[in-house]
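> kindly generate the corresponding structure for this input.
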Amino acid sequence: MSDLLGMTAAELAGAYGRGETSPVEATRAALEAIDARDAELNAFVLVDAEGALRSAAESEARWVGGTQRGPADGVPTTVKDLEQARGWPTLRGSWLSGDPTPGRDDSPSVARLREAGAVILGKTTTPEFGWKGVTDSGRFGITRNPWDPALTPGGSSGGSAAAVAAGMGTWSVGTDGGGSVRVPAAFTGTVGFKPTGGLVPAFPPGSNGHLSHRGPIALSVLDAATLLDVLARPDARDWAAGTHPGGSFTDEIEAGVAGLTIGYSPDLGYGRNDPEVEALAAAAVETLAGLGARVREIEPVFADPVAAFQTMWCAGIARTLRPFEPDHLTRVDPALLEYGERGREISAVSYLDAMAVCADLGLKMARFHETYDVLVTPTVPCVAFPAGRNGPTPEQSDVWASWTPYTYPFNMTRQPALSVPCGITRAGLPAGLQIVGPRHRDARVLRVGRAYERHTGWSPVAEASRARATTRGRPS
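Predicted structure coming up:
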């Protein structure tokens, strides 16, 4: 069973087709991993073993009968507990979501997963309402990193990333309002993709509106593309959803990077990196050059838009907290409550000013992409830091955007952005490389990530297991 934990969805589908293993065996392996590891990692708020095994048996019958629904059929899957799932409560990491009544409807992402035959194991942890870049909450406690449980997996999709990195499900659906898919992917050595805004339908809509995205966290870029094929199907409940470009996101994924022009920025002109992270990102860019890409280090394209981002983020939190009476808010994360208080002071004019900053950023990046096929940066300037903290340093704890400077700009522009693992520091922790493309060029971004991935042969589950064994051997 343990041999199944490091298999990608593509490898599982191949093995199902050849009769070498089955959806039931893969689901049992994932459930065994949950039993063995989740007491330590705390990545799940709900596990439905009985329902998962029932779905796996139905999938197995389809594979045996030659009626499988595609490459997602029978793949053990998780979803972040901001998504609605029929028969399960949606608690959003908060005591404010006090009603444990099972939901009656699936969100668009969950509905598409069921239609594709995926086996949904359960729901993963989030900070309250997905508000910050690490994953802990007063209701469900601290989620930990499979590479070293003393460290955070990042957030806010930290439960999803921890589950994938530990083999507790092959892939997951996360949400990303400022880096919440990409940051935990970087911290856990997994792949995280924030698609073009609106490509993956959402319902109910998130309070952060323009900033909110949904996307895959997976063991490989190929898996992320395959899962995106499932998630990007239309849903009439999302009036603002975009149009699927047609075809599959895997159609050109093996085309390589020869002839592409890559703009590389180590810091976007305003970030400050851990030297090892910067060196690993630079080495990854050299790898892309060696694979035939034309790589140029670029001058800054825009100034740090953090003030406009914070305006939009705080306003969204104020909207999230608005329905609740003051006496209910006493159990809310104090830092979240402070963000909400800031948000209530934001005027409509200030919000529209922030939206104007988004428009200006989008124009600057559109012009940038007239010359460059993709932009490459580190995903995060640092690696995972101790769990239970809101930031790598006390100075950065109050404003999580202060230590995620390379992710949130591309929520503001709604461009596709991918995080792929780009190596391990001397402390044995993974770092991430971010690849950003023009809007509606998701396939191009995935193609670049896949070229790098194919060259490195990275296996996050195996690497995390080795790192964990090393960590346990260190003196305390």
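> the residue located most distally from the centre of the chain and Thr77: what is the separation?
What lies farthest from the middle of the chain is Gly65; by CA atoms, centre = their mean that is 34.2 Å. As defined by CB to CB, to the nearest Å, Gly65 lies at a distance of 22 Å from Thr77. In short, each C-beta sits where N, CA and C put it, glycine included.
> and Leu433, by the same measure?
To Thr77, Leu433 is 25 Å away according to CB to CB.
> any idea how far Gly290 is from Ala283?
For Gly290, the distance to Ala283 - CB to CB - is 10 Å.
> likewise Thr101?
Applying CB to CB, the value for Thr101 to Ala283 is 51 Å.
> same thing with Gly391?
As judged by CB to CB, Gly391 and Ala283 stand 26 Å apart.
> can you check Ala33 too?
32 Å.
> neighbour count winner among the two?
Neighbours per residue (other CB atoms under 10 Å) separate Ala33 from Ala283, with Ala33 holding more: 22 against 12.
> next SSE after the helix or strand where that one lies?
Element membership of Ala33, judged by DSSP states H and E, is helix 23-41. Tracing the chain past helix 23-41, the next element assigned as helix or strand by DSSP H and E is strand 44-47.
> show me the contact partners of that next one.
Here strand 44-47 makes contact (CB atoms under 8 Å, 6 or more residues apart in numbering) with 31, 34, 38, 78, 81, 88-89, 91, 93, 121-125, 140, 159, 163, 168.
> just the buried residues out of these, in ChimeraX syntax.
Per 16 or more other CB atoms under 10 Å, the buried members of these correspond to this ChimeraX selection:
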select :31,34,38,78,81,88,89,91,93,121,122,123,124,125,140,159,163,168
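> let's see which of the contacts of strand 44-47 end up in helices.
The helices, defined by DSSP state H, take in 31, 34, 38, 159, 163 from the contacts of strand 44-47.
> tell me the contacts of the last one?
In this case it means Ala163. For Ala163, the contact set (CB under 8 Å, 6+ apart) comprises 34, 41, 43-44, 78, 124, 169, 172.
> check Arg441 too.
196, 369, 416.
> which of those residues tops the neighbour count?
With neighbours taken as other CB under 10 Å, the top of those is Pro416, carrying 27 neighbours.
> how near is that one to Pro201?
Applying CB to CB, the value for Pro416 to Pro201 is 16 Å.
> where does the protein have low pLDDT?
The model of the chain has pLDDT under 70 over residues 1-2, 468, 471-476.
> I figured Gly122 hits Glu50, correct?
No - the pair Gly122 / Glu50 is not scored as a contact, 11.2 Å apart, by CB atoms under 8 Å.
> quick one: the strands in the stretch 1-150 of the chain, in order.
Under the criterion DSSP state E, counting those that start in this stretch, strands of the stretch 1-150 of the chain are mapped to 44-47, 76-80, 119-124, 136-137, 141-142.
> can you check the stretch 301-450 of the chain too?
374-378, 417-424, 430-436.
> against which helices or strands is the first one packed?
Read that as strand 374-378. In terms of contacts (3 or more CB pairs under 8 Å, 6 or more residues apart in numbering; DSSP states H and E), strand 374-378 is packed against strand 261-264, helix 275-290, strand 430-436, helix 442-456.
> of all those, which lies closest to Asp106?
Each of the helices and strands packed on strand 374-378 was scored for nearness to Asp106 using CB to CB, and the closest is helix 442-456 (23.4 Å).
> report the inter-axis angle for the closest one versus strand 417-424.
If you take axes from the mean of the first three to the mean of the last three CA atoms, to 10 degrees, helix 442-456 sits at 10 degrees to strand 417-424.
> quick one: helix 442-456 to helix 275-290, angle?
Orientation check (the same axes, to 10 degrees): helix 442-456 against helix 275-290 gives 100 degrees.
> show me what helix 442-456 is packed against.
Against helix 442-456 (3+ CB pairs under 8 Å, 6+ apart) you get strand 191-194, helix 221-231, helix 275-290, strand 374-378, strand 417-424, strand 430-436.
> elements contacting whichever helix or strand comes after it?
Using DSSP H and E, the helix or strand that follows helix 442-456 towards the C-terminus is helix 460-473. Packing partners of helix 460-473 (3+ CB pairs under 8 Å, 6+ apart): helix 158-165, strand 417-424.
> longest single helix anywhere in this structure?
In the chain, assigned by DSSP H, the helix with the most residues is helix 348-368.
> name the surrounding residues that touch stretch 63-72.
9-10, 13, 16-17, 22-23, 59, 62, 73-74, 113, 115-118, 226-227, 230.
> between the contacts of Arg441, which is nearest Thr190?
For the contacts of Arg441, the nearest to Thr190 is Pro416 (17.3 Å; CB to CB).
> that closest one and Arg139, how far apart?
Relative to Arg139, Pro416 is positioned 33 Å away (CB to CB).
> would you put the C-alpha positions of stretch 150-169 in CSV?
Extracted in CSV, the C-alpha atoms of stretch 150-169 (Å, rounded to 0.1, in the frame of the first residue of the first chain):
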residue,chain,number,x,y,z
ALA,A,150,7.4,21.7,14.0
LEU,A,151,6.9,23.9,10.9
THR,A,152,3.9,25.4,9.2
PRO,A,153,2.8,24.1,5.8
GLY,A,154,1.8,27.7,4.9
GLY,A,155,-1.7,28.7,4.0
SER,A,156,-4.4,29.3,3.7
SER,A,157,-4.7,26.0,1.8
GLY,A,158,-2.2,24.4,4.2
GLY,A,159,-4.3,21.4,5.0
SER,A,160,-4.6,20.5,1.3
ALA,A,161,-0.9,20.9,0.7
ALA,A,162,0.1,18.9,3.8
ALA,A,163,-2.3,16.1,2.8
VAL,A,164,-0.9,15.9,-0.7
ALA,A,165,2.7,16.0,0.5
ALA,A,166,2.1,13.3,3.1
GLY,A,167,0.3,10.9,0.6
MET,A,168,-3.1,11.5,2.3
GLY,A,169,-4.8,12.0,-1.0
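> buried residues, that stretch. List them.
By neighbour count with 16+ other CB under 10 Å, stretch 150-169 contains the buried residues 151-169.
> same check on stretch 85-100?
For stretch 85-100, a neighbour-count test (16+ other CB under 10 Å) marks 85, 88-96 as buried.
> off-centre distance for it?
In terms of CA atoms, centre = their mean, to the nearest Å, the centre of stretch 85-100 is found 21 Å from the chain centre.
> then stretch 228-239?
In terms of CA atoms, centre = their mean, the centre of stretch 228-239 is set 18 Å apart from its chain centre.
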